[in-house]
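Undergrad: Below is the structure, and that's it, no one-letter string:
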Ligand code: IFM
């Protein structure tokens with residue numbers, strides 16, 4: 001593969017990404033309090049392989065080795081998340097030992113001249129926050145946490161995102177119930193979505209009250225949903241899937257009310273949204289991160305809880321090209337989704353903050369020949385270059401993920417890393433995809 005000159009590291013930001021719960025492990029060490037994902041993993045039947053994040057990639061104890069790995073692969077930027085559950089104690093006061101871990105991480109990155117790109121919340125909500133995202137108070141606790149991070153680490157963090165993929169916390173967590181906390185209630189998922197966006201706005205306000213030199217934004221995973229047929233019912237289903245995933249989050253970010261279809265679904269619980277909230281959500285942003293993996297195909301709901309949602313998804317099957325997790329490989333979707341968003345909202349500068357594939361190829365003779373991932377990355381990078389060529393203001397690309405890690409409800413069964421992790425020995429083996437990116441970055 002050759003690199004499009006538009007993506008040359010001299011003018012374009014290249015990074016790799018991880019998140020705290022998925023790699024750190026050390027879940028009870030140095031005063032860390034439990035998160036809703038610790039509790040969720042402990043419930044039988046929630047995680048495919050009955051695993052949890054207690055050890056994961058043991059990154060908490062191996063950060064020097066892992067940062068050395070990032071440097072060896074040639075990345076100059078690293079996206080990670082800070083665990084709220086390490087930084088604060090039960091009474092929301094600062095936990096100095098947890099803070100120290102991130103100071104050590106920032107020291108190691110600085111030593112290798114790697115720029116940190118931090119996310120404050122990547123789903124691991126402190127379990128003691130009563131009611132979680134269903135409680136408006138959680139948004140205010142998030143602002144206190146943002147204030148603490150700004151005060152203690154802010155001088156070393158040039159770019160900070162408040163939330164990662166709030167759709168997942170809201171809808172996978174409170175409607176489908178396949179993510180923590182495992183609730184299945186449509187109206188409550190919309191309450192959670194609203195409180196997440198309120199937290200985003202309050203968090204930005206809190207951070208800016210401490211520092212004004214940080215580039216601040218949010219990371220979303222917008223949806224591209226195509227109808228299963230040209231039947232008006234399927235077209236409407238695809239529209240509703242996109243409203244839930246896109247308008248539900250992007251409208252508040254730009255001070256716009258939710259569309260009527262979402263307001264109907266939140267029903268009586270709409271009273272939890274207070275006057276003035278929209279203005280809080282719509283804080284000015286310096287950037288937006290977009291995560292892209294696949295598209296979906298929607299059809300009219302046939303019954304059950306899909307009726308409340310207004311859509312059902314068609315599971316993609318061969319001969320469609322699929323990654324090992326079963327997601328369609330559809331690179332053109334990246335272009336389509338970014339263009340759709342640019343037509344509808346006045347977006348700030350963009351970063352592709354996650355893109356990658358589950359390719360479960362194992363180690364053979366000391367090497368991992370993950371050709372599917374290599375092709376996936378190559379075809380998606382071509383789309384990024386095309387978007388920039390056509391005027392989109394995309395400033396960087398972060399591959400998901402640096403390491404194979406805890407893939408949420410799939411446990412360790414799906415490998416997204418460009419570096420293989422043997423979870424018995426914690427040995428790291430860069431895969432062919434990592435070596436491909438390393439060559440590109442060095443060229
Ligand atoms: O592993 C996740 C990550 O935590 C958030 N974005 C999608 C990835 C793959 O599912």
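TA: Alright, I've got the coordinates. Keep in mind it's a predicted model, so treat the numbers as computed, not measured.

Undergrad: Identify the residues contacting residue 198.
TA: 136, 139, 277, 280-281 (CB atoms under 8 Å, 6 or more residues apart in numbering). Where C-beta positions appear, they are placed from N, C-alpha and C, glycine not excepted.

Undergrad: Just give me the neighbour total for residue 105.
TA: For residue 105, the count of nearby residues is 24 (other CB atoms under 10 Å).

Undergrad: repeat for residue 161
TA: 27.

Undergrad: My read is that it contacts residue 290, right?
TA: No. Residue 161 is beyond contact range of residue 290, at 11.2 Å (criterion: CB atoms under 8 Å).

Undergrad: For the closest residue to the ligand within the stretch 201-350 of the chain, give me phi and psi.
TA: Scanning the stretch 201-350 of the chain for proximity to the ligand using CB to the nearest ligand atom identifies residue 291 as nearest, at 5.3 Å. The phi/psi pair for residue 291 (degrees, to the nearest 10) reads phi -110, psi 130.

Undergrad: ok, back up a step: overlap in contacts of residue 161 and residue 290?
TA: Common neighbours of residue 161 and residue 290 (CB under 8 Å, 6+ apart) are 219, 353.

Undergrad: follow-up on the earlier one: and the spatially closest residue to the residue of the stretch 201-350 of the chain closest to the ligand that is not a sequence neighbour, what does it touch?
TA: Spatial nearest neighbour of residue 291, chain neighbours left out: residue 354 (3.7 Å); criterion: CB to CB, 6 or more residues apart in numbering. Residue 354 sits next to 17, 219, 221, 289, 291-293, 398, 400-401 when contact means CB under 8 Å, 6+ apart.

Undergrad: By neighbour count, which of the residues you listed wins?
TA: residue 17 (29 neighbours).

Undergrad: Let's see the pLDDT reported for that one.
TA: Residue 17 carries a pLDDT value of 99.

Undergrad: Near the ligand, which residues of this structure are found?
TA: Taking CB under 6 Å from any ligand atom as the criterion, the chain approaches the ligand at residues 19, 22, 165, 291, 354, 400, 407, 416.

Undergrad: contacting residues for the fourth one?
TA: Under the criterion of CB under 8 Å, 6+ apart, the contact list for residue 291 reads 164-165, 219-221, 352-355, 400.

Undergrad: helix, strand or coil for the nearest residue to residue 140 once chain neighbours are set aside?
TA: Spatially, and ignoring its direct neighbours in sequence, residue 140 is nearest to residue 202 (6.4 Å; CB to CB, 6+ apart). Three-state assignment for residue 202 (DSSP: H, G, I helix; E, B strand; the rest coil): helix.

Undergrad: and the gap between residue 202 and residue 302?
TA: Counting by CB to CB, to the nearest Å, the gap from residue 202 to residue 302 is 40 Å.

Undergrad: can you check residue 118 too?
TA: If you go by CB to CB, the gap between residue 118 and residue 302 works out to 43 Å.

Undergrad: For the residue positioned nearest the centre of the chain, list each beta-bridge partner.
TA: For the chain, the residue nearest the mean C-alpha position is residue 164 (4.0 Å; CA atoms, centre = their mean). Taking DSSP bridges, one finds residue 219 as the beta-bridge partners of residue 164.

Undergrad: separation between residue 170 and the ligand?
TA: Computed as CB to the nearest ligand atom, to the nearest Å, the residue 170 to the ligand distance reads 14 Å.

Undergrad: Now do that residue, the pLDDT please.
TA: 98.

Undergrad: next one: residue 92
TA: 87.

Undergrad: before we move on, what about the one 3 residues further on?
TA: What the model reports for residue 95 is a pLDDT of 98.

Undergrad: hang on, it packs against residue 83?
TA: No. Between residue 95 and residue 83 there is no contact under CB under 8 Å: 10.2 Å.

Undergrad: Show me the common contact partners of the two, please.
TA: With CB under 8 Å, 6+ apart as the test, residue 95 and residue 83 both reach residue 32.
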